[in-house]
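Peer 1: Sequence and predicted model, in that order:
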Amino acid sequence: MPNFRSIFSKSHTLRRTSTLSSASSNHGSTFHSHFTSSSNPCASSFSRRVDRNFSFLHGFWNCLGKKPTTPTWVDNSKSFSSEPDRESIEYDVVIVGAGPAGLSAAIRLKQMCREKNVDLSVCVVEKGAEVGAHILSGNIFEPRALDELLPQWKQQEAPISVPVSSDKFWLLTKNSAFSLPCPFNNEGNYVISLSELVRWMGVKAEDLGVEIYPGFAASEILYDANNKVVGIATNDMGLSKDGSKKENFQRGVEVKGRITLLAEGCRGSLSEKIIKKYGLRKKSNAQHQTYALGIKEVWEIDEEKHQPGTVVHTLGWPLDSKTYGGSFLYHMKNRQVSIGLVVALNYQNPFLNPYEEFQKLKHHPSIKSFLEGGRVIQFGARTLNEGGFQSIPYPAFPGGAIIGCSAGFLNVPKIKGTHTAMKSGMLAAEATFAVLNEGLDMEIYWEALRNSWIWEELYRARNYRPAFEHGLFPGLVVSALEHYILKGRYPFTLKHGTPDHQATNAAKLHSPIRYSQPDGVLSFDVPTSLHRSNTNHEHDQPPHLRLRDSKIPELVNLPVYAAPESRYCPARVYEYIPDEQNQLKLQINAQNCLHCKACDIKDPTQNIEWTVPEGGGGPGYSIM
C-alpha cells in the first residue's frame, strides 16, 4: 500500500523550497508580509494551512501511520493512469480551483451535510501557492450570492467594507472626458479586493471541514473504463527542463472523487479539454467563447485625493473605435485605488499592445490627476469571459460539472461575474449533494442553472457584447436601446463575430504603433511591473507553454502577423531574438508567466498551448 504521508510531506517540502521560502526574498516580500501581518485576519489560518500541508496526509486521512481505506465505490481493477507508481487518494467531491465558485461549492456542500446530518469529504486543490494568490479582478462586488451563502457575512468580518458612493461613466478622448449616463446601477454594491475575499472564504470553508490544498496543480483528468471522470492528477515535481528527474523528483498524485467540479477560472485548461471531449458547446448549441484581457494595478494615493467608494468606468481612448474595451478606476480602502484597462481579444491590429495601451491610459489628464504623487503596490493581468449567454456550454459531464468562469457566467454590461460564479458553485453543490445521496444525475445542475437568477440575468444582457462587433458608436446605440428601452426583450439574439484568434489581421494591413518610453512615475516597463506581481516559477522545470509546431512562429507568426505574441502577452513571455545566423527565433520566458491565458486565446494559429506549471508557481497576489 502506498505511503501517503511520505509522498505528500515530500511534495510540500519541495514546494516550500521553490515557493514559500522565496516569499521572504525581495521579489515576494509584499505577498509574504501580507500573510504574516498580525493585522491580517487570515494570517493564523495561513500558518495553520502551511503547517498542515507540510504533512499533507493529515488533510486526507485522520490516522497517522494507518493505511487509507478504499471506499466501496472505487474499483481497483481499473487502471486510471499509465504510471503504475502514482499514488492515489479518494474523496467524495474533488474541486479544482479555490476561487469564488470553487469555495462557494465547497461551503454549500458542507452546509448541506450539516443540515442533512450527512458526512461527505470535500477536497479543494489550488495551483497557487496560497488561496487568493492567483485571483485578480477589478471588482465591484454584488453581494447577492454571498447573502444566500453566508447571510451573516457582515458580522463575520468579511473583507467587504467600502460601499459604492458614486458611479461615473466617461467617454475619453485624448485630452478630455465626457460624462455619459451611467448604466451600471451599483447601489448596494461594494469596492473590494477579490483575492482578499477568497482568502476569507477559504477560512470559512475550512471551518466547515473542507480540506484545501494550495500549491498543487491539477494537470490531468482521470477517467474510468466507461469514459467517466473519476478525479484529477497533480503534475510531477522535480523535473528539469529536458524532462529528466532531479534528485528531489516526486510523482504527482491521483485525487479521485465521486464527483469532480472544475472551477479553474477563465479558460481553465482542464475545463477546455472536457468541453472538447464531451462536445459540451454543441450539446447546448453554444457559440464560441470570446474573451478580453484585463490589466490592473493597485495604487496607494494621497489622502486628499482618496474618495472611498468612488467608481469610474470609461470607454474610448486610448483604444481605437474598432477595438472594444474600457478602463476602470475604483477607490478602495486605506488610500488604495485599483486602476485597469480591459481590451477585448478580438482586436484586429496585430501591432496593438494591451500593456502599452494601459501605460498610455494613466497619462490621460482625468486619470493622472488621481495617481500623481502615489505609488504602485501591485500589478497583474488576467483574461475574462465576455461571451455571456450565447457561449455557455452544457456544464455537466459524466462524473462532474464545470462551474464559475470556466463555464463563462460574466455579465458583460454589469462588468461583474463574481456573484454569478458563486451562485453557479452553490447550484452545482446542491446538485452534487442530490447525486451522491439521492441517486440523481448531474444533469440536474443544468436544469437548476436554467431556472436560476443567473439565467435570467445573462439572458437580459445577451446582446450587449455582440452589439459592439461593428465598432464603438454603433455598439453604444444598440446597447443603449437594449438597456434603457427594450430591457433585454429583443426578439432575437445577436451572434458573436469570428473567434478572437481569427480576428487578427495580417500586419500588412496596419501600420506599427509607436508607444512612448515609460517615465517611471505613471508608466513602467514590464520587468518593473512583473516585480510587483510577485511572480515566481522554478526556472529548471519543463515548459508549461508549449508549441504544437515549433516552426510556426518563424514561418507564420513573424512574417505574416509581425510577431503578435511579443505584444499581446502582458509579461513579455514571448520574445524574438536573433540566433547565430542573425535569424529571429522565438524565445519563451516561461518564468515570467502571469497565468493570464492570453496566449492560449489570441495566438493566430492556435499553436500555443497553456498548461499548468509546477504547483505554487505564478503570481502572488494579495490585494488584487
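Peer 2: Arrived safely.
Peer 1: CA atoms for contacts and neighbours, from now on please.
Peer 2: Noted.
Peer 1: what residues are up against residue 192?
Peer 2: By Cα atoms under 8 Å, 6 or more residues apart in numbering, residue 192 lies in contact with 139-141, 159-162, 332.
Peer 1: try 10 Å this time
Peer 2: 137-141, 159-164, 309, 330-333, 338, 623-624 (Cα atoms under 10 Å, 6 or more residues apart in numbering).
Peer 1: So which of those are in strands?
Peer 2: Within these, residues falling in strands by DSSP state E are 140-141, 162-163, 330-331, 338.
Peer 1: what's the most distant pair in those?
Peer 2: 163 and 338 (14.8 Å; Cα to Cα).
Peer 1: re the thing from before, just the buried residues from the contacts of residue 192, in PyMOL please.
Peer 2: Per 16 or more other Cα atoms under 10 Å, the buried members of the contacts of residue 192 correspond to this PyMOL selection:
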select buried, resi 137+138+139+140+141+159+160+162+163+164+309+330+331+332+333+338+623+624
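Peer 1: Just to check, residue 492 is in contact with residue 463?
Peer 2: Yes: with contact defined as Cα atoms under 10 Å, residue 492 counts as touching residue 463 (8.8 Å).
Peer 1: Quick one: mean pLDDT for stretch 505-514?
Peer 2: Stretch 505-514 shows a mean pLDDT of 97.
Peer 1: quick one on the thing from earlier: for residue 469, state which of the ones in strands among the contacts of residue 192 is nearest.
Peer 2: Among those, residue 140 lies closest to residue 469 (Cα to Cα), at 25.6 Å.
Peer 1: which residue packs closest to that closest one, ignoring adjacent ones?
Peer 2: Spatial nearest neighbour of residue 140, excluding adjacent residues (Cα to Cα, 6 or more residues apart in numbering): residue 191 at 4.8 Å.
Peer 1: can you pull the contacts of the one you found?
Peer 2: Per Cα under 10 Å, 6+ apart, neighbours of residue 191: 138-142, 160-165, 308-311, 330-333, 337-338.
Peer 1: which ones are touching the residue nearest to residue 89 when sequence neighbours are not counted?
Peer 2: Closest residue to residue 89 apart from its sequence neighbours, by Cα to Cα, 6+ apart: residue 255 at 5.0 Å. By Cα under 10 Å, 6+ apart, the contact set of residue 255 is 60, 87-91, 93-95, 123, 125, 218, 221-222, 230-234.
Peer 1: neighbours of residue 181, just the number please.
Peer 2: 10 (other Cα atoms under 10 Å).
Peer 1: That one: which element?
Peer 2: For residue 181, there is no enclosing helix or strand under DSSP states H and E.
Peer 1: right, and it touches residue 476 too?
Peer 2: No: under the criterion of Cα under 10 Å, residue 181 is not in contact with residue 476, lying 11.4 Å apart.
Peer 1: list the buried ones in the strand or helix carrying residue 145?
Peer 2: Residue 145 belongs to helix 144-149 when assigned by DSSP H and E. Residues of helix 144-149 classed as buried by neighbour count (16+ other Cα under 10 Å): 144-146, 149.
Peer 1: okay, and the helix or strand of this structure with the least pLDDT?
Peer 2: helix 29-36 (a mean of 34; mean pLDDT, DSSP states H and E).
Peer 1: from what I can see, residue 596 looks like it's in a strand, true?
Peer 2: No: Residue 596: not assigned to a strand; according to DSSP: H, G, I helix; E, B strand; the rest coil it is coil.
Peer 1: pLDDT on the lengthiest helix in the chain, on average?
Peer 2: For the chain, the longest helix by residue count, based on DSSP state H, is helix 418-438. Mean per-residue pLDDT for helix 418-438: 98.
Peer 1: same thing with stretch 188-203?
Peer 2: For stretch 188-203, the per-residue pLDDT averages 98.
Peer 1: now stretch 219-230
Peer 2: Per-residue scores along stretch 219-230 average to 97.
Peer 1: can you check stretch 111-128 too?
Peer 2: 97.
Peer 1: Show me which residues of that stretch are buried.
Peer 2: Within stretch 111-128, the residues that qualify as buried by neighbour count (16+ other Cα under 10 Å) are 111-113, 120-128.
Peer 1: Which element, helix or strand, includes residue 601?
Peer 2: helix 598-602.
Peer 1: residues touching residue 283, list them.
Peer 2: 275, 393-395.
Peer 1: could you measure it against residue 534, distance?
Peer 2: 41 Å (Cα to Cα, to the nearest Å).
Peer 1: now residue 560
Peer 2: Taken as Cα to Cα, the span from residue 560 to residue 534 is 35 Å.
Peer 1: Please identify which of the two sits among more neighbours.
Peer 2: residue 534 (27 against 17).
Peer 1: you'd agree the more buried one is up against residue 616?
Peer 2: No: look at residue 534 against residue 616 with Cα under 10 Å: they stay out of range, at 12.0 Å.
Peer 1: how about the most centrally placed residue in the chain, secondary structure?
Peer 2: Geometric centre of the chain, nearest residue: residue 265, 4.0 Å, by Cα atoms, centre = their mean. Counting by three-state DSSP, the backbone at residue 265 sits in coil.
Peer 1: Surely it touches residue 99?
Peer 2: Yes: Residue 265 is within contact range of residue 99, at 7.5 Å (criterion: Cα under 10 Å).
Peer 1: Which neighbours do the two have in common?
Peer 2: Common neighbours of residue 265 and residue 99 (Cα under 10 Å, 6+ apart) are 134-135, 404-405, 421.
Peer 1: Just give me the closest of those residues to residue 484.
Peer 2: Among these, residue 421 lies closest to residue 484 (Cα to Cα), at 25.8 Å.
Peer 1: Surely that closest one is in contact with residue 385?
Peer 2: No: counting by Cα under 10 Å, residue 421 does not reach residue 385; the two are 11.6 Å apart.
Peer 1: Please, where are all the strands along the stretch 401-550 of the chain?
Peer 2: Under the criterion DSSP state E, counting those that start in this stretch, strands of the stretch 401-550 of the chain are mapped to 545-547.
Peer 1: need the helices for it, in chain order.
Peer 2: Per DSSP state H, counting those that start in this stretch, the stretch 401-550 of the chain carries helices over the ranges 418-438, 444-450, 453-460, 472-480, 526-533.
Peer 1: Pick the most buried one from these.
Peer 2: Across these, averaging neighbours per residue (mean count of other Cα atoms under 10 Å) puts helix 418-438 on top, at a mean of 24.
Peer 1: Show me what that helix is packed up against.
Peer 2: Counting contacts by 3 or more Cα pairs under 10 Å, 6 or more residues apart in numbering; DSSP states H and E, helix 418-438 packs against strand 87-96, helix 100-116, strand 140-141, helix 144-149, strand 253-262, strand 400-402, helix 444-450, helix 453-460.
Peer 1: helix or strand for residue 272, which one?
Peer 2: Assigned by DSSP H and E, residue 272 belongs to helix 269-277.
Peer 1: hmm, who's touching that helix?
Peer 2: Residues contacting helix 269-277 (Cα under 10 Å, 6+ apart): 96, 218-221, 227, 229, 232, 261-266, 268, 279-283, 393-398, 401-403, 406-407, 597, 600, 609-612.
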